[in-house]
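Chemist: Dropping a prediction and its sequence here:
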Amino acid sequence: MSSFKSFDIAGSGMAAQSVRLNTTASNLANADSVSTTAAGVYKARHPIFEAVRAQLATPGIQPESQPAVRVSGIYESTAPASQRYEPGNPLADANGYVFAPAVNVVEEMVNMISASRSYQNNVEVMNTSKDLLLATLRLGQG
């Protein structure tokens, strides 16, 4: 295995966590949005990660894929919207109700912290790999 593959693996992890951070930010930004109907309300989004395994290579033949992680899709929540009584809201229906998304702000903040830490861990993997490669290059100096 090439020493440079660790950069590819960590890079794929960083890209996946970046998508996770973006979807979490979108969920937090829309947490207080309201709609006139339950169907029109914002639905929370969450990425679905998929592990990509390296195929075992036969000698002299390159594998088709490298071990990595990728985002296979974005899941949209099916949680029902909450109904709030706000008769003064211009989006309220005839009964004075508006519909709010089922976004738990505390869960989203925990998700954001977790994604941020995972991103930082992948940055550390890249830095450590770089340091090891530089140390290997310095072995010949003497």
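Modeler: Cool, the structure landed.
Chemist: what's the helix or strand for A51?
Modeler: Here A51, judged by DSSP states H and E, is contained in strand 45-52.
Chemist: quick one: the spatially most central residue of the chain and N127, what's the gap?
Modeler: Taking C-alpha atoms, centre = their mean, the centroid of the chain lies closest to R20, which sits 1.5 Å from it. Distance from R20 to N127, counting by C-beta to C-beta, to the nearest Å: 21 Å. No exception for glycine: its C-beta is placed from N, CA and C like everyone else's.
Chemist: again with N95
Modeler: 58 Å.
Chemist: So which of these two has more stuff around it?
Modeler: Remark: of N95 and N127, N127 carries more neighbours, 11 against 8, as counted by other C-beta atoms under 10 Å.
Chemist: what angle do the helix or strand hosting that one and strand 45-52 make?
Modeler: Under the criterion of DSSP H and E, N127 resides in helix 105-138. Counting by axes from the mean of the first three to the mean of the last three C-alpha atoms, to 10 degrees, helix 105-138 lies at 30 degrees to strand 45-52.
Chemist: From the contact counts, what lies against helix 105-138?
Modeler: If contacts are counted by 3 or more C-beta pairs under 8 Å, 6 or more residues apart in numbering; DSSP states H and E, helix 105-138 sits against helix 5-29.
Chemist: Quick one: mean pLDDT for the helix it packs on?
Modeler: Summarised as a single mean, pLDDT over helix 5-29 is 94.
Chemist: Ok, stretch 104-111 next?
Modeler: Per-residue scores along stretch 104-111 average to 96.
Chemist: got a list of contacts for that stretch?
Modeler: R20, T24, N27, L28, A31, A44, H46 (C-beta atoms under 8 Å, 6 or more residues apart in numbering).
Chemist: in the helix holding N127, what counts as buried?
Modeler: For helix 105-138, burial by neighbour count (16 or more other C-beta atoms under 10 Å) applies to E108, N111, M112, A115, S118, Y119, N122, V125, M126, S129.
Chemist: okay, those in a markdown table with distance to D8 next?
Modeler: Converted to a markdown table, the buried residues of helix 105-138 look like this (distance: C-beta to C-beta, whole Å):
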| residue | distance to D8 |
| --- | --- |
| E108 | 30 |
| N111 | 26 |
| M112 | 26 |
| A115 | 20 |
| S118 | 17 |
| Y119 | 16 |
| N122 | 11 |
| V125 | 11 |
| M126 | 10 |
| S129 | 10 |
